[in-house]
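Participant: starting from these lines, generate the structure:
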Amino acid sequence: MPPHLLASSTLPDAVRRFCTDIIHATHESAIAYKINFAFFEALGREGHAVMENVLAAMPSDVLTIADAKRGDIGNSAGFYARSAFETLDFDSITVSPYMGRDSVDPFLAYEGTCAFMLVRTSNPGSNDFQQLQVDGKPLYHRVAQKVSIWGKQSPGEAGFVVGATDARDLEALRATFPDTPFLIPGVGAQGGSASDVMAAAGSGPVLINSSRGVIYASGGEDFAAAAAAAAERTRQALDV
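Facilitator: Reported below is the predicted structural model:
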């Protein structure tokens, strides 16, 4: 966080100002914004109000992604989905499908929305489970197959979260699932190459996410202008 924001206001107000200024500065380059719930929940009881303020600042022509990585069963999953799609009116959400179909169905029940399932992630520990072989194929590919089937049988759309740090796995998934929406984190600060990602993602629908490389482009009073420049550079790099 830029020190001048923290020096002149409370932490919740500084976060609100920081996020809204970033949105206004980067709007010309961004088609979507991803709200990471953890950073707002860490603010305590004021965090939810700050998140609502940030959502209210979104332009009407962008997509909103609830980066909550939900994954629970029964009533819990239903209320998580209701919170994201009805109370907060997000367009999409990230979901962990590890607990199986009954933990995913509530997020696929909303027509006109998308649930991005964690399939092949970009974090260092992803290979602990995702690359385990299941009947000759890695587990992440088996998960993708199941998610694709669930999506075709539901009102909402099912997408994949596929990290940018392994272009080969991204390319393999796109070859098998040419029309599935991919949410691709990892470009920029995590080391993913924009040109490699776009080549691997093919012509299917993709949302490319760059977070830290944009919002932390500067820690000074020029943070919003620096974010705007970083976002535009990223957009141009992806325009291949």
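
Participant: can I get stretch 35-43 as PDB, trimmed to CA atoms?
Facilitator: This file holds the C-alpha atoms of stretch 35-43, laid out as PDB (Å, rounded to 0.1, in the frame of the first residue of the first chain):
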ATOM      1  CA  ILE A  35     -11.700  -9.400  -6.200                       C
ATOM      2  CA  ASN A  36      -9.700 -11.600  -3.800                       C
ATOM      3  CA  PHE A  37     -11.900 -12.100  -0.800                       C
ATOM      4  CA  ALA A  38      -9.000 -12.900   1.600                       C
ATOM      5  CA  PHE A  39      -7.600  -9.400   1.500                       C
ATOM      6  CA  PHE A  40     -11.000  -7.800   2.400                       C
ATOM      7  CA  GLU A  41     -11.900 -10.400   5.000                       C
ATOM      8  CA  ALA A  42      -8.600  -9.700   6.700                       C
ATOM      9  CA  LEU A  43      -9.900  -6.100   7.400                       C
END
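
Participant: what does it contact?
Facilitator: With Cβ atoms under 8 Å, 6 or more residues apart in numbering as the contact definition, stretch 35-43 has outside contacts at 11-12, 15, 47-48, 50-51, 54-55, 64-68, 90, 211. Every C-beta, even on glycine, is put in place using the N, C-alpha and C of the backbone.

Participant: who wins on neighbours among the residues you listed?
Facilitator: A66 (29 neighbours; other Cβ atoms under 10 Å).

Participant: for F40, give me phi and psi.
Facilitator: phi -80, psi -40 (degrees, to the nearest 10).

Participant: and the contacts of stretch 35-43, which of them are in helices?
Facilitator: Secondary-structure check on those using DSSP state H: residues within helices are 11-12, 15, 47-48, 50-51, 54-55.

Participant: how close does L238 sit to P59?
Facilitator: 20 Å (Cβ to Cβ, to the nearest Å).

Participant: between those two, which one's more packed in?
Facilitator: More neighbours surround L238 than the other of L238 and P59, with 17 against 11 (other Cβ under 10 Å).

Participant: contacts only, for V162.
Facilitator: Taking Cβ under 8 Å, 6+ apart as the definition of contact, the neighbours of V162 are 119-120, 169-170, 173, 182-184.

Participant: now the lowest-mean-pLDDT helix or strand in the chain: buried residues?
Facilitator: The helix or strand with the lowest mean pLDDT-type score in the chain, counting by mean pLDDT, DSSP states H and E, is helix 194-201 (a mean of 83). For helix 194-201, the buried set under the neighbour-count rule, 16 or more other Cβ atoms under 10 Å, comprises 194, 196-198, 200-201.

Participant: tabulate those (a markdown table), appending distance to Y33.
Facilitator: Rendered in a markdown table, the data for the buried residues of helix 194-201 read as follows (distance: Cβ to Cβ, whole Å):
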| residue | distance to Y33 |
| --- | --- |
| A194 | 19 |
| D196 | 24 |
| V197 | 19 |
| M198 | 20 |
| A200 | 24 |
| A201 | 20 |
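
Participant: nearest to T234 among the residues you listed?
Facilitator: Within the set of the buried residues of helix 194-201, A194 lies nearest T234; the separation is 6.7 Å, counting by Cβ to Cβ.

Participant: give me the nearest residue to the closest one, chain neighbours excluded.
Facilitator: The shortest distance from A194 to any non-neighbouring residue, by Cβ to Cβ, 6 or more residues apart in numbering, is to A237 (3.9 Å).
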